[in-house]
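Q: Pasting a predicted model and its sequence here:
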Amino acid sequence: MPHGRRGRLGAAGVAAALALCLGTGIVRPAVAEAASTDRATLAAWWAPVNFQDVDTTGETALGGKSDYITSYDYDGDLNGRNNWENTSQFPLAAHVYYSVVQTPSFTYLLYTYFHPRDWSDGVLDNYQEDLSEHENDSEGALVVVANDGSTYGKLEAAITVAHSNFYSWVPDGSDFTSGQESVDGTLPLKSDPHGDGHGRPFITQQPNTHAAWAEGYLSRERSEYASGDGVVYYPGSTAEVPDSANDRDVQYTLTDIFASNGMWANRGLTSLFATTNNFAGDDSGNPYGAKCGAGGVLGPANGTCDTDAANPPWAWDDGDDLPGRGYLATDPAELVWDYFDWSGKPSSPDVAYTWDQYNGITS
C-alpha cells in the first residue's frame with residue numbers, strides 16, 4: 001500500500017503512449033495513467049511537515065508512543081478493535097493517508113493522520129483536550145492548490161481538523177481571505193531535508209487527542225517545538241519509527257486512500273468499520289496494560305471509553321459551518337468556496353470536478 005514519490009510522465013512520453021495506443025484504437029488507459037501520476041506527484045510535493053507533540057505521562061502514554069502516527073493496520077491485521085491493545089506490541093511506522101480531488105481551477109489534497117489511541121492523562125492542560133478516551137483516532141488537513149499552469153500549482157490555503165471543528169489558514173503570498181468562516185491565522189512553510197528544500201505546509205498536532213493546527217498557532221505547541229519534546233514527521237521514501245519521544249527527523253510515506261484493498265475499499269469491512277462512517281473501536285480489556293478509559297480523570301474504574309468514535313475523512317464534520325458532513329474530503333470545492341474569498345471567486349461553487357473518486361468521477 002505505501003509508496004514514495006512517483007516520477008512524472010513527460011510530454012514526450014505522453015505523446016509516444018498516445019501514438020502507440022492510437023494504432024490499436026485504445027487511448028484512455030495512457031491518458032488515465034498520466035493523470036494518476038501527476039496527482040500522486042502533487043500529493044507528495046505538498047505533503048505537510050507535521051510536528052506531533054508528545055505526552056509521556058502515565059501508563060497509557062507508553063512513554064510517548066501513544067502519540068505516534070501510523071497506519072490502521074500497523075499490527076498486521078484489519079481489526080480496528082485490537083488497535084488500542086496492540087499499540088505497545090508493534091512498531092508504529094509512520095504512514096499518512098491522502099486523497100486528491102480536482103477541478104480545472106484547483107487541486108484539493110487531503111492528508112489523514114491516524115493514531116491507534118485517543119487518550120487522556122487525566123489533566124486538562126491543552127486547548128480542546130478532553131478527559132474521555134477512545135480506540136483509534138483520525139484527524140487531518142486539507143491543502144488547497146491553485147492550478148495556475150506551473151508544475152506544482154500555487155499553495156493558497158489549508159484547513160485543519162480538530163475533532164468536530166475545522167480551522168483555516170493562508171500562507172504569505174496567498175490572496176485568500178476570510179469568507180463565511182474567519183481565517184484563523186498564517187500557514188507557515190517549512191523545508192525538509194529529504195527533498196529539494198521547497199516550502200511545505202507546517203502543521204502541528206496536540207498530544208493525547210491529536211487535534212491539528214497550523215504550527216505556531218497554539219502557544220504550548222510553539223513552546224514544545226522550540227524547547228520541549230515531540231516528533232517532527234517529514235514526507236519521504238521510508239516509513240520510519242521514531243527513536244524516542246523527541247525525534248526531530250522521522251520520515252513518513254504516503255498511502256492513497258483509494259489504493260487497492262485500502263481505506264475506501266474496506267469501508268464496508270465490519271472488523272475495521274463499525275459503520276461506513278465510523279472506525280470500529282471497543283472498550284474491552286487490555287492484557288498489556290491500561291485499558292481504554294483508564295487514563296481519564298475518573299481513573300480505571302470509572303473512566304470513559306467511547307466506542308466506534310473515530311471517523312474516516314469522508315465523515316469529518318464541523319458542527320457549526322454550512323457545508324455538509326464529509327465535504328472536506330468529498331466536496332471540497334463547495335467547502336472552500338464557503339470558507340474563503342479570493343480574487344476571481346465565482347458567484348457559486350465550481351463543482352465541475354474532473355477527479356473525485358469519492359463520488360466516482362475519474363474522467
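A: Yep, that arrived. Residues are numbered from 1 along each chain as shown.
Q: Which phi and psi values does the residue sitting nearest the centre point of the chain adopt?
A: The centre of the chain sits closest to Thr112, judged by CA atoms, centre = their mean, with a distance of 1.9 Å. With angles defined as degrees, to the nearest 10, Thr112 sits at phi -120, psi 130.
Q: thought it was touching Ser71?
A: No. Counting by CB atoms under 8 Å, Thr112 does not reach Ser71; the two are 10.4 Å apart. (Glycine included, C-beta is placed from N, CA and C.)
Q: what do the two both touch?
A: Tyr97 (CB atoms under 8 Å, 6 or more residues apart in numbering).
Q: where's Val96 relative to Phe114, distance?
A: Separation of Val96 from Phe114 (CB to CB, to the nearest Å): 8 Å.
Q: Asp308 too?
A: Asp308 is 15 Å from Phe114, by CB to CB.
Q: Show me which of those two is the more surrounded one.
A: Set Asp308 next to Phe114 and count neighbours by other CB atoms under 10 Å: Phe114 wins out with 26 against 19.
Q: List the neighbouring strands of the helix or strand hosting Leu155 plus their orientation.
A: In the assignment (DSSP states H and E), Leu155 maps to strand 154-162. Its sheet considered, strand 154-162 pairs with strand 133-146 (antiparallel), strand 165-170 (antiparallel) by DSSP bridges.
Q: Could I get the CA-only coordinates of the last one as CSV?
A: These are the backbone C-alpha positions of strand 165-170, laid out as CSV (Å, rounded to 0.1, in the frame of the first residue of the first chain):
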residue,chain,number,x,y,z
ASN,A,165,-14.1,21.9,14.4
PHE,A,166,-12.2,23.0,11.3
TYR,A,167,-9.6,25.8,11.3
SER,A,168,-8.5,27.7,8.2
TRP,A,169,-5.1,29.1,7.4
VAL,A,170,-3.4,31.0,4.5
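Q: Identify all contacting residues around that strand.
A: With CB under 8 Å, 6+ apart, strand 165-170 has contacts from 128, 156-160, 176-178, 181-187, 213-214, 217, 316, 318-319, 321, 328, 339-340.
Q: go with 7 Å
A: 157-160, 176, 181, 183-187, 213-214, 318, 321, 328, 339-340 (CB atoms under 7 Å, 6 or more residues apart in numbering).
Q: partners of the next helix or strand after it in the sheet?
A: Counting by DSSP H and E, the element after strand 165-170 in chain order, helix or strand, is strand 177-178. Each strand paired with strand 177-178, and its direction, by DSSP bridges: strand 340-341 (antiparallel).
Q: What average pLDDT does the following helix or strand past the partner strand get?
A: As assigned by DSSP H and E, the chain's next helix or strand after strand 340-341 is strand 355-356. Strand 355-356 shows a mean pLDDT of 98.
Q: Mind listing residues that contact strand 355-356?
A: With CB under 7 Å, 6+ apart, strand 355-356 has contacts from Arg39, Val100, Val101, Gln102, Ile361, Thr362.
Q: Go again with 8 Å.
A: With CB under 8 Å, 6+ apart, strand 355-356 has contacts from Ala35, Arg39, Val100, Val101, Gln102, Thr330, Asp331, Ile361, Thr362, Ser363.
Q: By neighbours, which of those wins?
A: Neighbour max across the contacts of strand 355-356 (other CB under 10 Å) = Val101, 25 neighbours.
Q: Let me see the backbone angles for that residue.
A: phi -130, psi 140.
Q: Next up, the contacts around it.
A: Thr107, Tyr108, Leu110, Ala329, Thr330, Pro332, Ala333, Tyr353, Trp355, Asp356, Gln357, Tyr358.
Q: what are the bridge partners for the closest residue to the first one other than its chain neighbours, then?
A: Pointing back at Thr107 there. Of all residues not flanking Thr107 in the chain, Val145 sits nearest, at 4.5 Å (CB to CB, 6 or more residues apart in numbering). On the basis of DSSP bridges, Val145 is bridged to Thr107, Leu155.
Q: so Val145 touches Lys154, yeah?
A: Yes. At 6.5 Å, Val145 and Lys154 qualify as touching, with contact defined as CB under 8 Å.
Q: If you count surrounding residues, which of these two has more?
A: Shown here are Val145 and Lys154; by other CB under 10 Å, Val145 has more neighbours (22 against 16).
Q: residue ranges of the strands in the stretch 251-363 of the chain, please?
A: 273-275, 278-279, 305-306, 340-341, 355-356, 361-362 (DSSP state E, counting those that start in this stretch).
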